[in-house]
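Trainee: no sequence for this one, just the structure:
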């Protein structure tokens, strides 16, 4: 019998065994409250302000990556009209979160966001800088030093207003394919509406070995993208490119998804294929397989109500309509207005990510919130959300109890284990105010594992892989991606909370479709995983 | 009679990017007609309607009413031939007059009025709208001021400011000035009786209906919100032999068997808030198209925009009055419950009661108003959504456009036929009050 009927008296057990199936009538135990402690700038060393006027109303994205092989995530914060700042992570394992600003070559103005990616497969992270003006690819030289590589790698940085990026390694390629999302034409300040500039797709050169990009392809039509994600939505083995667009500025636009099949020109999904006519103020994308069916759900940030999309029909052999239904209301993640602070106006949502912040085996949802600038019909006091998932798969707002309900005008964020204690920490950027750093100090949190991938060939970080972890009666699944969020993302350890599990069975399905065998490792550890090899524990 | 002295060529740059040459033409011939000040600002207004979050159709219609009246009075105050609407519109008493014998410039007055009106009625638009408004104001001000003496500029601006302020003061008392939460009440008690409206959207904000008290807003020309109230809709019934079921079944079968043409019509008149200039903005754009097509002079331009704005605003007040008296269920709710739970409408069902159709009422009122001005034989091409990739549609006259707008709501699956047909009738009733306004002496 599948249903485990539990009474309220069994709440404690459920806290640490949250994925057990509840009957619909059973009371749902409140999830374990995560607790975050803000690290003040004087201690954390992080004080970058995302500054600027109208041109910086979007962006503010954070990228985290390890650039000196100490396995602690380092960080790049944009300064908007001011210069960006690279922060070296100087935290001790399990200790306070400490960063130190260091010169890296990444210091530049007009930066809206960035993503880390190992483009040339040398095992050293490179960085793509998304800017108002020319985008720049920075090649990692090691020891957290970077140099411009646009010319070397034939990366045309354009001169647009860019805040979105996604990357994939198309089947058979050793060099990545990178999509850049562009926003309003910055020159069209008298007629910004309808002036969306083309997004670009940078594919590798056709010659082998691939060592640079071909000239970019315009992804026409483009509708002011603010988030992009290569994702294998139907598990066909070929990721498609989701694009979330800001309806404020497009005309005739909508949410988009592109077929990006190797060797073929990109083609938009059509209504005949099930893709629906959805128009939102698309600002960020987060994905995770919330219902354990093997297919990711997608959370889309917007203004007022946000969207949580799940497939209408489960695909068979990768073939199903690309039709999604919105379950945000049912799951409690509309996050449409502030939950504290007294401002009842609709919210404005930006960066978002699914991470398990209390290690109970269920991912939770963070949303960075903040007014565009001076929109009086939207909340001025707009706290960030921390929606914690309960045992029934619904989400409970815990931002206030958790201590992350900042009222600053937030934009970008990263949920990363900065001090490698197994708990996901948080950094958030703010317009006109310094970024904030929180250390996760949740008492009685569950166990965890963190997995780092070492892929073959050029795709060293296994982008496009799926990591599967057995927990309770389910398999937790995370697609390894570069993209999504709002103008920034994290590349490094992949974190899974596993409740009370002391041993954890996991496997990796690599981007080429080959699945490793399941292997069991002790919980509360960090593991390096390479194809067909036993996991190596990192101490 | 005001004396308008233009001492130099005036060029204007408008939101439509039409740059009138300053140097190439003879001085008087190249002077910018003041009506282009009005139409230039209106093109920006249509963008602001689309991009200001609390601009639902009733709110947009209200602003079109006040802005239209402001522009009209700016011109009428200096005209021997135009009669003020003060004393004709509800609550509008005497407006400031121009100083006798003094020199004014109509373009400067109109530009001041339009700039102040846009700033006032779109004070809640976002940073991009604010950014564009400032740019537009600076460019327009430079153009209309060129060649004029400082005293004429100052006097004209001063008059425009006083006139605008008087209209703002008037507008503040109509009960529609304050719209919060995009018009959705934070608390609302739904009826639990069969056949009444229930939310049709999964959007949290739309679990209460849009602007339930809008029918109480003071109209412009119609005596009260209930002056054109419609009779009851067909009795609610779930029996297949009932009229209500038959109306619902018509929506159901129509949507299931839509032709390409019907689908195109539904999309053309969809006019979704925040994704288009809204239904009233659609009709304002039709007016701009026709004014341009007919090369309308200044009095016709401001008379048309004032009457149309008034008609649209009163149409939404009258329509909302009826909507919340009968509080009727939407087709999607009925059809899913009674006929087919898997059915879906083509268009997004608007978040408020069904009867009558707002687009039908306002299109009926707009068409009757435009016909009163231009006659019933004026054909035009409606290119309102060209920038969104939707092809223009040709109409033989205004009534044909209104009837297509009305039936589009059945094709879209969001209205029953009685709401459509009676909506047009209600629009005619409202337009009668507008057409009774006297604008020519």
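Mentor: Right, received. Where do you want to start? Small disclaimer: the values here were computed from a predicted structure and weren't measured.
Trainee: test my guess that residue A:133 contacts residue A:110.
Mentor: Yes - counting by C-beta atoms under 8 Å, residue A:133 does reach residue A:110; the two are 5.3 Å apart. C-beta coordinates here come from the backbone N, C-alpha and C atoms, glycine included.
Trainee: neighbour count winner among the two?
Mentor: Neighbour comparison, residue A:133 and residue A:110: the larger count goes to residue A:110, with 22 against 18 (by other C-beta atoms under 10 Å in any protein chain shown).
Trainee: show me what contacts the closest residue to the more buried one other than its chain neighbours?
Mentor: Spatial nearest neighbour of residue A:110, chain neighbours left out: residue A:132 (4.3 Å); criterion: C-beta to C-beta, 6 or more residues apart in numbering or on different chains. Residues near residue A:132 by C-beta atoms under 8 Å, 6 or more residues apart in numbering or on different chains: A:55-56, A:59, A:110, A:112, A:161-162, A:186.
Trainee: turn those residues into JSON lines, including pLDDT.
Mentor: Below are the contacts of residue A:132 laid out as JSON lines (pLDDT from 0 to 100):
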{"residue": "A:55", "pLDDT": "91"}
{"residue": "A:56", "pLDDT": "96"}
{"residue": "A:59", "pLDDT": "98"}
{"residue": "A:110", "pLDDT": "98"}
{"residue": "A:112", "pLDDT": "98"}
{"residue": "A:161", "pLDDT": "97"}
{"residue": "A:162", "pLDDT": "98"}
{"residue": "A:186", "pLDDT": "88"}
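Trainee: what number of residues lie near residue B:341?
Mentor: If you count neighbours by other C-beta under 10 Å, residue B:341 ends up with 8.
Trainee: repeat for residue A:471
Mentor: Counted with other C-beta under 10 Å, residues neighbouring residue A:471 total 25.
Trainee: my guess is it meets residue A:501, correct?
Mentor: Yes - assessed by C-beta under 8 Å, residue A:471 is found in contact with residue A:501 at 6.1 Å.
Trainee: which residues are in contact with both of these two?
Mentor: residue A:361.
Trainee: tell me, what residue is most central in the chain?
Mentor: Assuming you mean chain A. residue A:485 (4.2 Å; C-alpha atoms, centre = their mean).
Trainee: that's the wrong chain, I meant chain B
Mentor: Centre-nearest of chain B using C-alpha atoms, centre = their mean is residue B:280, 3.1 Å out.
Trainee: ok, is the helix or strand in which that residue is found in contact with chain A or not?
Mentor: Assigned by DSSP states H and E, residue B:280 belongs to helix B:278-293. No - if you take C-beta under 8 Å from any C-beta of the partner chain as the test, helix B:278-293 misses chain A, and the best it gets is 13.4 Å.
Trainee: show me the beta-bridge partners of the residue nearest to the centre of chain A.
Mentor: residue A:285 (DSSP bridges).
Trainee: residue A:114 too?
Mentor: Beta-bridge partners, per DSSP bridges, of residue A:114: residue A:129, residue A:488.
Trainee: number of nearby residues for it?
Mentor: Applying other C-beta under 10 Å, we find 33 residues neighbouring residue A:114.
Trainee: for residue A:270, same thing?
Mentor: Neighbour number of residue A:270 under other C-beta under 10 Å is 11.
Trainee: quick one: it from residue B:347, how far?
Mentor: 19 Å (C-beta to C-beta, to the nearest Å).
Trainee: next one, pLDDT for the closest residue in space to residue A:534 that isn't next to it in sequence please.
Mentor: Once flanking residues are discounted, residue A:534 sits nearest to residue A:519: 6.3 Å by C-beta to C-beta, 6+ apart. Looking at residue A:519, its pLDDT is 97.
Trainee: which ones are touching residue A:519?
Mentor: A:505-507, A:534-535.
Trainee: just the buried members of these?
Mentor: Among these, those buried by neighbour count (16 or more other C-beta atoms under 10 Å in any protein chain shown) are A:506-507, A:535.
Trainee: where along chain A do the helices fall?
Mentor: Under the criterion DSSP state H, helices of chain A are mapped to A:11-15, A:41-44, A:328-331, A:399-402.
Trainee: how about chain B?
Mentor: Under the criterion DSSP H, chain B contains helices at B:27-30, B:34-51, B:57-76, B:106-121, B:127-145, B:150-171, B:243-256, B:260-268, B:278-293, B:298-326, B:331-334, B:358-374, B:398-411, B:417-435.
Trainee: excluding chain neighbours, what is closest to residue B:183?
Mentor: Using C-beta to C-beta, 6+ apart, the closest residue to residue B:183 is residue B:211 (4.4 Å).
Trainee: actually residue A:419, not the one I typed
Mentor: Per C-beta to C-beta, 6+ apart, closest to residue A:419 is residue A:91, 4.2 Å.
Trainee: these two touch, right, the one you found and residue A:100?
Mentor: No - with contact defined as C-beta under 8 Å, residue A:91 does not reach residue A:100; the gap is 10.3 Å.
Trainee: looking at those two, which one has more neighbours?
Mentor: A count of neighbours by other C-beta under 10 Å puts residue A:91 above the other of residue A:91 and residue A:100, at 22 against 13.
Trainee: just the pLDDT for the one residue in the stretch 1-150 of chain B that gets nearest to chain A.
Mentor: Distances between the stretch 1-150 of chain B and chain A by C-beta to the nearest C-beta are smallest at residue B:127, namely 4.1 Å. Listed pLDDT for residue B:127 reads 86.
Trainee: same check, this time on residue A:167
Mentor: 98.
Trainee: identify the residues contacting it.
Mentor: When contacts are counted by C-beta under 8 Å, 6+ apart, residue A:167 touches A:115, A:117, A:176-179, A:230, A:463, A:482-483.
Trainee: so what pairs up with it in the strands?
Mentor: Residues in beta-bridge contact with residue A:167 (DSSP bridges): residue A:178, residue A:482.
Trainee: tell me how far it lies from chain B.
Mentor: Noted for residue A:167: a distance of 30 Å to chain B, by C-beta to the nearest C-beta, to the nearest Å.
Trainee: same question, residue A:322
Mentor: Residue A:322 sits 17 Å away from chain B, going by C-beta to the nearest C-beta.
Trainee: that residue contacts residue A:233, doesn't it?
Mentor: Yes - contact status for residue A:322 versus residue A:233: in contact at 7.0 Å, counting by C-beta under 8 Å.
Trainee: mind checking which of those two has more residues around it?
Mentor: A count of neighbours by other C-beta under 10 Å puts residue A:233 above the other of residue A:322 and residue A:233, at 24 against 21.
Trainee: can you tell me the closest non-neighbouring residue to the more buried one?
Mentor: Leaving aside its chain neighbours, residue A:233 sits nearest to residue A:240 (5.9 Å; criterion: C-beta to C-beta, 6+ apart).
Trainee: burial of the one you found, as a residue count?
Mentor: 23.
Trainee: contacts only, for the closest residue to residue B:429 other than its chain neighbours.
Mentor: Leaving aside its chain neighbours, residue B:429 sits nearest to residue B:228 (3.8 Å; criterion: C-beta to C-beta, 6+ apart). Applying C-beta under 8 Å, 6+ apart, we find residue B:228 in contact with B:222, B:318, B:426, B:429-430.
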